[in-house]
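In: below are the sequence and a predicted model for it; my questions follow.
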Amino acid sequence: GAGVSQSPSNKVTEKGKDVELRCDPISGHTALYWYRQRLGQGLEFLIYFQGNSAPDKSGLPSDRFSAERTGESVSTLTIQRTQQEDSAVYLCASSPGQLNEKLFFGSGTQLSVL
Amino acid sequence: SQQGEEDPQALSIQEGENATMNCSYKTSINNLQWYRQNSGRGLVHLILIRSNEREKHSGRLRVTLDTSKKSSSLLITASRAADTASYFCATGGGSYIPTFGRGTSLIVHP
């Protein structure tokens, strides 16, 4: 595709359920980022993948959050045992992979935990 | 943290006026980027200024960078209603991971 694709665009779940969010980066982009944005707030870094290197997980808020990436393609962000405070927009971005380049963002997944 | 912080948090102006937003950060950077976000969804990259640059232009956008004051400003000239959005700065440094501030919410009244 031409841009970063995220699915689903909206997800409503019940507290305690697991959710899986998907990100398809731009083809050829080796760097992939996940951010979280609570209502009216800035972007909170979650995790960063660069090629086949070990991901930087320093932003994950708890062990309920995990993410995987297959090679330099699709990434999934999994939240286990969701809590109401997990409600936010989850944004994925990719970049060609060189140091400090601009990011290309997807439209995000709006997660609502009831 | 080298997270950028935008100021003001909110800005309301009339169409045709100029809008100025500021960003301050704490540590050394390699570059600073400005992004725009409509309706709380994906961000769109506007402009990147490197640490050895002082000013950069792109259409109606003008960005300045003062590394001695650890600050940057984004000027939108002759604003339009379509410029209504949230604007974020992101600082990039040795960690390679851009960190974002809370943004400035700009409303341009027609």
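Out: Structure received.

In: contacts and neighbour counts: CA atoms only from here.
Out: Fine.

In: all strands of the chain, in order?
Out: In the absence of a named chain, this looks at chain A. Using DSSP state E, the strands of chain A run over A:5-7, A:10-13, A:19-24, A:31-37, A:44-50, A:65-69, A:75-79, A:88-95, A:104-105, A:109-113.

In: sorry, should have said chain B
Out: Along chain B, the stretches classed as strands by DSSP E are B:5-7, B:10-14, B:19-24, B:31-37, B:43-50, B:55-58, B:61-66, B:71-76, B:85-92, B:99-100, B:104-109.

In: quick check: which of those strands is buried the most?
Out: When you average the neighbours per residue for each of these (mean count of other Cα atoms under 10 Å in any protein chain shown), strand B:85-92 leads with a mean of 26.

In: strand partners (parallel or antiparallel) of that strand?
Out: strand B:31-37 (antiparallel), strand B:99-100 (antiparallel), strand B:104-109 (antiparallel) (DSSP bridges).

In: closest one to B:Glu53 among those?
Out: Nearest to B:Glu53, of all the strands paired with strand B:85-92, is strand B:31-37, at 9.0 Å by Cα to Cα.

In: residues contacting the closest one, please?
Out: If you take Cα atoms under 8 Å, 6 or more residues apart in numbering or on different chains as the criterion, strand B:31-37 is touched by A:100, A:102, B:43-51, B:74, B:85-93.

In: what angle do that strand and strand B:61-66 make?
Out: Here strand B:31-37 runs at an angle of 140 degrees relative to strand B:61-66 (axes from the mean of the first three to the mean of the last three Cα atoms, to 10 degrees).

In: buried stuff in stretch A:33-51?
Out: A:33-38, A:42-51 (16 or more other Cα atoms under 10 Å in any protein chain shown).

In: show me what contacts whichever residue of chain A sits closest to chain B?
Out: Taking Cα to the nearest Cα, chain B has its nearest neighbour within chain A at A:Gly42, 3.7 Å off. Shown in contact with A:Gly42 (Cα under 8 Å, 6+ apart): B:100-103.

In: which of those residues count as buried?
Out: Buried by 16+ other Cα under 10 Å: B:100-103, out of those.

In: pLDDT score assigned to the residue in chain B that chain A sits nearest to?
Out: At 3.7 Å from chain A, B:Arg102 is the closest residue in chain B, using Cα to the nearest Cα. As predicted, B:Arg102 sits at a pLDDT of 88.

In: which positions in chain A make contact with chain B?
Out: Within chain A, the positions near chain B by Cα under 8 Å from any Cα of the partner chain are A:40-45, A:48, A:89, A:91, A:99-100, A:102-108.

In: may I have the beta-bridge partners of the residue nearest to B:Glu6 when sequence neighbours are not counted?
Out: Nearest residue to B:Glu6, sequence neighbours excluded (Cα to Cα, 6 or more residues apart in numbering or on different chains): B:Cys23, at 4.3 Å. As for beta bridges, B:Cys23 partners with B:Glu6, B:Ser72 under DSSP bridges.

In: contacts only, for the residue nearest in space to the middle of chain A.
Out: Relative to the mean C-alpha position of chain A, the nearest C-alpha, by Cα atoms, centre = their mean, is the one of A:Trp34, at 3.3 Å. Applying Cα under 8 Å, 6+ apart, we find A:Trp34 in contact with A:45-48, A:90-93.
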